[in-house]
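Student: based on what follows, work out the 3D shape:
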Amino acid sequence: MNPTCGRCSKAVYPTEKVNCLDKYWHKGCFSCEVCKMALSMNNYKGFDKRPYCSMHYPKTSFTIVTDTPENLRLKQQSMLNSQALYKEEFEKNKGKGFSVVTDTPEMQRLKKTQDQISDIKYHEDFEKSRVRSDAPPPENRQDEPSSQEATHPPAMAPSGEKQDYQALYSYTAAEADEVSLQEGDLIRDVEPIDEGWVFGSNQRTGQRGMLPANYVRPV
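Tutor: Here you go, the predicted structure:
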């Protein structure tokens, strides 16, 4: 007995049979449910065991999961797991530098300040070791700065007062609002901006902008 067509419910003979979507169809009945465009096995899209063309294929949407007590508990547990993982990563990376959560200009400035402090510390340690190796015997030494003076950056002028400074180290500007330095450069009209940064004009280059406070000293 011949099967019936999924469209017209009439008998489908072997010479005109299309077997698709768990049904049998006449070749002429295998068409889009909406526009009736004739389809083939290569271009049809099935939905709810009915054929459609690409244009009229039903658009499905995501099902909204109901906030049942069980789903709320799972959501809360997932949040707690995320917080625990964040804390673990934070503890693991503590002391390795700033963790860039959001790459904002402020975060970049803080990271740069820390890198500069580390660089200054390296220079200070290097200078100390060189001074110790070249130091004369105790009876011939001149007055030397205390260890406290050597390890602290030079005092800045009070906010609002301008002062001339000299570059202790070379520095390459990383932002458009910064000034590059070479060791020994004279910096005019220096104003404190915030912790670790000042504003001044490099007399050698004529550039005016921000520069790291630990790279200069008053003259």
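
Student: can you show me the strands along the chain?
Tutor: Along the chain, counting by DSSP state E, strands occupy 17-20, 23-26, 45-47, 50-52, 163-167, 186-194, 197-202, 208-212, 216-218.

Student: list the neighbouring strands of the first one plus their orientation.
Tutor: To tie it back to what came earlier, the one meant is strand 17-20. strand 23-26 (antiparallel) (DSSP bridges).

Student: next: the fourth one.
Tutor: Here the strand partners of strand 50-52, with direction, are listed using DSSP bridges: strand 45-47 (antiparallel).

Student: for the partner strand, the averaged confidence score.
Tutor: For strand 45-47, mean pLDDT rounds to 89.

Student: equivalent analysis for stretch 184-196, please.
Tutor: On average, stretch 184-196 scores 87.

Student: repeat that for stretch 92-111.
Tutor: Mean predicted lDDT for stretch 92-111 stands at 59.

Student: ok, back up a step: need the strands of the chain in CSV with mean neighbour count and distance to Ser9, can you?
Tutor: All C-beta spots, glycine's among them, are computed from the backbone N, C-alpha and C. Converted to CSV, those look like this (neighbours: other Cβ atoms under 10 Å; distance: least, Cβ to Cβ, whole Å):
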stretch, mean neighbour count, distance to Ser9
strand 17-20, 16, 14
strand 23-26, 20, 11
strand 45-47, 14, 19
strand 50-52, 20, 14
strand 163-167, 19, 93
strand 186-194, 16, 82
strand 197-202, 20, 83
strand 208-212, 19, 82
strand 216-218, 18, 92
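
Student: between those strands, which gets nearest to Val34?
Tutor: strand 50-52 (6.7 Å; Cβ to Cβ).

Student: and Thr68, which of the strands of the chain is closest to it?
Tutor: strand 45-47 (28.7 Å).

Student: which other residues reach that closest one?
Tutor: Cys20, Leu21, Pro51, Tyr52, Cys53, Ser54, Tyr57, Pro58 (Cβ atoms under 8 Å, 6 or more residues apart in numbering).

Student: could you rerun that using 10 Å?
Tutor: Strand 45-47 is contacted from outside by 20-22, 32-33, 39, 51-60, using Cβ atoms under 10 Å, 6 or more residues apart in numbering.
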